[in-house]
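Colleague: Quick one: sequence and predicted model below, then my questions.
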Amino acid sequence: MEVKERIENKGRQLPIYFIINPKAQNGGSLKLWRNLERVLYRQNLPFQARFTECPGHAAEITRHILSSESHTIVIVSIGGDGTLHEIINGAADFPHAIITNISAGSANDFSRGFNSPKNISELVSVLLDEKREPSLIDLGESSIGEKKVLFVNSLGMGLDAEVSNMVNRSIWKKYFNTVKLGKLIYILFFLRMLFSYRRPDILVNIDGVTSSYSKVWFVVAANQPFFGGGIKIAPKAVPDDGLLNMIIVHNISPLKLLLVFITVYWGGHLGIKNVESLSFSEATISSSQETAIQTDGEAAGNSHAKITVLKGKLNILPRKL
Ligand SMILES: Nc1ncnc2c1ncn2[C@@H]1O[C@H](COP(=O)(O)OP(=O)(O)OP(=O)(O)O)[C@@H](O)[C@H]1O
């Protein structure tokens, strides 16, 4: 049964739960929540709020909320892509969940890719609109070692994962977030790694066909076009087409990689030799050496991943266009 058919209690105010990561954007999310909370009270909009206490907690809270009721529930993420990643992993097995968010992180690629409400008033107007239909999107499922992890934006293996892991571990992230320059730190770490990164060879099997790529900068399996804080790496990725889009950048010099990241702004990178763009429903990627993997910007393991698209797996509430 398609998820959409399970949306019940249409035409009346759905229960709304906010999950707030108070540490996202170095506390910026908490400030945003305090402003939002005031507007919700003013609008007389009933809601419940839950605060995360540690990594992984958003998934746990989501499962707990969704397993306690069988009617449709709206869950609003107040945090960044990491918080959404956890909420989506918690919600995927519950067809009565509708997810939405407001950007309160540093990269915010989910908001870009899925047209999330841009500010408090857009979010509140979406939540107040009882006739608003959710949109059904695909998710990616990955098996990495013993772990199964879902992703909503993308899975990446290689330099992108190395950079996002370094950023997440870095003490500088919070300082950059404080001055609202969270995206800049990704660029700085990327430039720092550009001439030292040891590029592995990677075997890619796409829907049963195996190809070998040498000196791979990164492989990204994308559900929507953006990664790394607004870089439109996979312009052909469509979140509801039942497919994922794989971008492989291999066998080019560091300077040419810089060119890839310049041309990415108008999609010109897809015309560069050794930048591949392929649609798929099932793939495996295996690296010749230990190579980091990220899912939605969070560290997810190393070197080998099996990736499958889960068609029409999640209901989201985008902003009104
Ligand atoms: N109470 C908490 N204390 C510490 N870490 C937390 C807490 N709640 C959640 N986390 C972790 O915080 C991390 C960062 O959150 P999130 O990604 O939402 O914000 P961000 O890093 O500012 O944004 P972005 O991912 O868009 O760059 C996540 O890995 C999440 O698991």
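Modeller: Done, it's in.

Colleague: Cross-check the contact I'm expecting between Gly56 and Thr83.
Modeller: No. If you go by CB atoms under 8 Å, Gly56 and Thr83 don't touch, sitting 10.9 Å apart. From N, CA and C alone the C-beta is placed, and that goes for glycine too.

Colleague: Which one's more surrounded, those two?
Modeller: The residue with more neighbours, out of Gly56 and Thr83, is Thr83; 27 against 12, by other CB atoms under 10 Å.

Colleague: Surely Ala161 and Gln294 touch.
Modeller: Yes. Counting by CB under 8 Å, Ala161 does reach Gln294; the two are 3.8 Å apart.

Colleague: Which of those two has more residues huddled nearby?
Modeller: Using other CB under 10 Å as the criterion, Ala161 and Gln294 rank with Gln294 on top: 28 against 25.

Colleague: show me the contacts for the more buried one.
Modeller: 155-156, 160-161, 164-165, 300 (CB atoms under 8 Å, 6 or more residues apart in numbering).

Colleague: For the residue of the stretch 151-300 of the chain found nearest the ligand, grab phi and psi.
Modeller: Ranked by CB to the nearest ligand atom, the top residue of the stretch 151-300 of the chain for proximity to the ligand is Gly297, at 4.9 Å. Main-chain torsions, Gly297, degrees, to the nearest 10: phi 80, psi 0.

Colleague: same question, Val309
Modeller: The phi/psi pair for Val309 (degrees, to the nearest 10) is phi -90, psi 140.

Colleague: for it, which residues make a bridge with it?
Modeller: Gly140 (DSSP bridges).

Colleague: Could you measure from Leu32 over to Thr100?
Modeller: 14 Å (CB to CB, to the nearest Å).

Colleague: neighbour count winner among those two?
Modeller: In this view Leu32 and Thr100 are compared by other CB under 10 Å, and Thr100 has more residues nearby, 24 against 20.

Colleague: Where does that one sit, in terms of helix or strand?
Modeller: Per DSSP states H and E: Thr100 is located in strand 97-103.

Colleague: Burial check on Lys236, number of neighbours?
Modeller: Neighbour tally, Lys236, other CB under 10 Å: 16.

Colleague: again, but for Arg169
Modeller: 10.

Colleague: Over to the one 4 residues further on?
Modeller: The local packing of Lys173 (other CB under 10 Å) involves 19 other residues.

Colleague: As PDB, could you dump the C-alpha coordinates of the strand holding Thr100?
Modeller: Extracted in PDB, the C-alpha atoms of strand 97-103 (Å, rounded to 0.1, in the frame of the first residue of the first chain):
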ATOM      1  CA  ALA A  97       4.300  10.200   9.700                       C
ATOM      2  CA  ILE A  98       4.600  13.500   7.800                       C
ATOM      3  CA  ILE A  99       7.900  15.300   8.200                       C
ATOM      4  CA  THR A 100       8.700  18.900   7.700                       C
ATOM      5  CA  ASN A 101      11.300  21.300   9.000                       C
ATOM      6  CA  ILE A 102      12.800  24.700   9.200                       C
ATOM      7  CA  SER A 103      16.500  25.300   8.600                       C
END
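
Colleague: what helix or strand does Ser77 sit in?
Modeller: Under the criterion of DSSP H and E, Ser77 resides in strand 73-79.

Colleague: what helix or strand is Asp160 on?
Modeller: Short version, using DSSP H and E: Asp160 is in helix 159-169.

Colleague: now check that helix, is it near the ligand?
Modeller: No. Helix 159-169 does not reach the ligand (CB under 6 Å from any ligand atom); its nearest approach is 6.8 Å.

Colleague: Now do that helix: which elements does it pack against?
Modeller: helix 182-193, strand 216-222, strand 292-295, strand 298-302 (3 or more CB pairs under 8 Å, 6 or more residues apart in numbering; DSSP states H and E).

Colleague: how far does stretch 44-61 sit from the chain's center?
Modeller: Here stretch 44-61 is found 18 Å from its chain centre; the criterion is CA atoms, centre = their mean, to the nearest Å.

Colleague: what's the span of it, first residue to last?
Modeller: 24 Å (CA to CA, to the nearest Å).

Colleague: again, but for stretch 243-259
Modeller: 28 Å.

Colleague: in that stretch, what's buried?
Modeller: Residues of stretch 243-259 classed as buried: 243-250, 252, 257 (neighbour count, 16 or more other CB atoms under 10 Å).
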